[in-house]
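> Need the 3D shape of this:
(one chain, ligands or ions: 2)
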Amino acid sequence: MTDINSSANPTAHHATRAFIERAALMLRAENVRKTFTLHGQGGIGIEALAGVSLDVERGECVVLVGPSGAGKSTLLRCLYGNYLASGGSIAIRDDNAPLQHLDITGAAPHDVLRLRRNVVGYVSQFLRVIPRVSTRDLVAAPLVARGVAEDEANTRAETLLARLNVPQRLWSLAPATFSGGEQQRVNIARGLIARHRVLLLDEPTASLDAENREVVSSLIVEAREQGAAIVGVFHDEDTRERVATRRLPLAAPRTRTPLGVAA
Ligand SMILES: Nc1ncnc2c1ncn2[C@@H]1O[C@H](COP(=O)(O)OP(=O)(O)O)[C@@H](O)[C@H]1O
Ligand SMILES: [Mg+2]
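Numbering: from 1, shown residues only. Ligands and ions are numbered 1, 2, ... in the order given. This is a model prediction of the structure:
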């Protein structure tokens, strides 16, 4: 039997074996690169990710650390399939896929959408408000999309909103006029309600007070203990300390000119 770790350049075949042999493996990123080309500036490129590799198992929370501009948000967007990586591969466990994982760098859009409904959740710093949709419905939507009955979905939405200290008088209103902190808590409720098995969290607590940050930290730890595989960025050290099982440092990007790498 060959050693699956012996190759310096693991192939898709190795990813397949890894997902079959390691039942806990939920996400594998291999040598992910992302370069942004600044058009109109002589073809200068920003190498936001210069080859990031990462395995995440059930029950792990990998916290991305690094200075502003280090590529933390870019990596999360690549993992969610929002940005197409410039190189490398990203595979996520998918029970509906023939090889038990989906390589999202080459996947069809409908497969990515199915994965987002069933497996991968993403919570950014900002709520995308949908005009005239109530807070309760907005939070319940990910469950309804999975076929959960509306009554049950609404009840679970209310439980989560109450826990996040979103006042009951707001539940029937659209969150467009809510404060930044209220919108962020609605966003977190919407992101956590469906108990996705992979969670990508981009500074979900940035505009919360200490008390609500504590509630969110507890919810993240609970998700982790229930087996979620989490990759996240958190702006305060207290939250990082609470939720992290491991940290992945990312370095500041380099600018790349057509002639080579500049500092
Ligand atoms: N859509 C984009 N177009 C061009 N450059 C981008 C884009 N998104 C991010 N970048 C650049 O990539 C680098 C990493 O950004 P980002 O991932 O947001 O960093 P972080 O989240 O660690 O602060 C930065 O130099 C940023 O300006
Ligand atoms: Mg960021």
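
> Please, where are all the strands along the stretch 101-250 of the chain?
For the stretch 101-250 of the chain, the strands defined by DSSP state E, counting those that start in this stretch cover 101-103, 120-123, 198-202, 229-233, 246-249.

> With mean neighbour count, distance to L38 and mean pLDDT added, can I get these in CSV?
C-betas here are computed from N, CA, C, even on glycine. Listed next are the strands of the stretch 101-250 of the chain as CSV, based on neighbours: other C-beta atoms under 10 Å; distance: least, C-beta to C-beta, whole Å; pLDDT from 0 to 100:
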stretch, mean neighbour count, distance to L38, mean pLDDT
strand 101-103, 23, 28, 94
strand 120-123, 23, 26, 96
strand 198-202, 24, 23, 98
strand 229-233, 25, 24, 98
strand 246-249, 12, 25, 97
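
> out of those strands, nearest to A24?
Nearest to A24, of all the strands of the stretch 101-250 of the chain, is strand 229-233, at 8.3 Å by C-beta to C-beta.

> If you compare the directions of the closest one and strand 198-202, what angle comes out?
Interaxial angle, strand 229-233 versus strand 198-202 (axes from the mean of the first three to the mean of the last three C-alpha atoms, to 10 degrees): 10 degrees.

> Give the partner strands of strand 229-233 in its sheet and their orientations.
Paired strands of strand 229-233, with direction, are strand 61-65 (parallel), strand 198-202 (parallel) (DSSP bridges).

> a markdown table for those strands, including distance to L170?
Shown next, in a markdown table, are those (distance: least, C-beta to C-beta, whole Å):
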| stretch | distance to L170 |
| --- | --- |
| strand 61-65 | 30 |
| strand 198-202 | 23 |
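
> Go through these and name the closest to ligand 2.
Checking those against ligand 2 by C-beta to the ion gives strand 198-202 as the closest, at 6.1 Å.
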